[in-house]
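Asks: Dropping the sequence and predicted coords here.
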Amino acid sequence: MKILTTLFAALFVLNYGLLQAQTSEIIGYTSPNDIEIIDDLNNLEGFQKGELIFSKARGAFSISPINNINNRAINKLKIEASMMGGSHVYINYRNIENSMFSKSAMYSARIYKSKPLNYQEINQAVSGKKLALTKQVYFSRNDWKANEKEIYDFSNISLNAPVEERNGKIFIKIRSKDFKSGKLSSGDYYEVVGFNQDTILIFTEEVEGKEYVLHYVKIE
């Protein structure tokens, strides 16, 4: 029994690298490792322009190699861009300090997306269906990396207008279930950042400019 419990737990404790492998074929989604940093805006002609993002990493005075600090800041930038549905980033500000008293790397960048999602395809795929929420990837700008946890929950999206397109972005209306009463809410709209015929990725901003969640959802 103990062995079965251990195996069962192992299936539910997955890292962010596994999510990257599972979502590699989802239209609109680019894993953090595959996010490209572009130096020339001319190379982004025809791309969908996204949000400004920010990252920062600090070291412990003289004992922290500046390269490690800089790489950490860049990785955090790529994680944030990936969760928001970006494929490329254009860095518009960077500040690297490498002194005995201050070691830090700070970046500001603009997200760009090479493959905008198709409203009609998503609307058709979810019409009259249910969503099975299977994973959530949480990332805070104060953390070093993203953290993933398994979740199994169902949300009904059989509404009159579950999908909307606004300024080139696609949002889906999801009704969540109240834990105590079991009743479904009237619904809220969340941004879809990735899609194929049986999976969508939904992005939410839990704390504005600080904490984000990427929801890995199966269409049933």
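Replies: Okay, I see it. Residues are numbered from 1 along each chain as shown.
Asks: which residues does the residue nearest the centre of the chain contact?
Replies: Residue closest to the mean C-alpha point of the chain, counted by C-alpha atoms, centre = their mean, is residue 83 at 1.8 Å. Residues in contact with residue 83, defined by C-beta atoms under 8 Å, 6 or more residues apart in numbering, are 137, 139, 146, 193, 203, 212, 214. Bear in mind the C-beta positions are built from the backbone N, C-alpha and C, glycine included.
Asks: biggest helix in the chain, by residue count?
Replies: In the chain, with assignment by DSSP state H, the single longest helix is helix 66-83.
Asks: Note down every partner strand of the next helix or strand after that one and its orientation.
Replies: Once the chain leaves helix 66-83, the next helix or strand it forms, by DSSP states H and E, is strand 88-98. Strand pairing for strand 88-98, using DSSP bridges, gives strand 36-38 (parallel), strand 103-113 (antiparallel).
Asks: Now the last one: buried residues?
Replies: In other words, strand 103-113. Buried positions in strand 103-113, judged by neighbour count with 16 or more other C-beta atoms under 10 Å: 103, 104, 105, 106, 107, 109, 110, 111, 112, 113.
Asks: rewinding a little: enumerate the beta-bridge partners assigned to the closest residue to the residue nearest to the centre of the chain other than its chain neighbours.
Replies: The spatially closest residue to residue 83, leaving aside those adjacent along the chain, is residue 214, at 4.6 Å (C-beta to C-beta, 6 or more residues apart in numbering). Beta-bridge partners recorded for residue 214 (DSSP bridges): residue 137, residue 203.
Asks: what's around residue 214, how many residues?
Replies: As a burial measure, residue 214 scores 27 neighbours (other C-beta atoms under 10 Å).
Asks: Please list all residues in contact with it.
Replies: Counted by C-beta under 8 Å, 6+ apart, residue 214 has contacts 19, 83, 136, 137, 139, 146, 193, 201, 202, 203.
Asks: Of the strands paired with strand 88-98, which is nearest residue 77?
Replies: Nearest of the strands paired with strand 88-98 to residue 77, taken as C-beta to C-beta: strand 103-113 at 5.3 Å.
Asks: what about that closest one, average pLDDT?
Replies: The pLDDT scores in strand 103-113 average 94.
Asks: oh, and call the first residue 2 from now on, that's how I've got it
Replies: Let's use 2 as the start, then, which means that last one is strand 104-114.
Asks: any idea of the angle it forms with helix 67-84?
Replies: 30 degrees (axes from the mean of the first three to the mean of the last three C-alpha atoms, to 10 degrees).
Asks: Quickly note the distance from the residue nearest to residue 84 to residue 140.
Replies: 8 Å (C-beta to C-beta, to the nearest Å).
Asks: list residues touching both of those two?
Replies: Common contacts of residue 215 and residue 140 (C-beta under 8 Å, 6+ apart): 84, 147.
Asks: Show the end-to-end separation of stretch 114-123, please.
Replies: Start-to-end span of stretch 114-123 (C-alpha to C-alpha, to the nearest Å) is 17 Å.
Asks: Show me the shaky parts of the chain.
Replies: The model of the chain has pLDDT under 70 over residues 2-25, 62-64, 152-162, 177-180, 183, 185-187.
Asks: all helices of it, in order?
Replies: For the chain, the helices defined by DSSP H occupy 3-13, 17-23, 67-84, 120-127.
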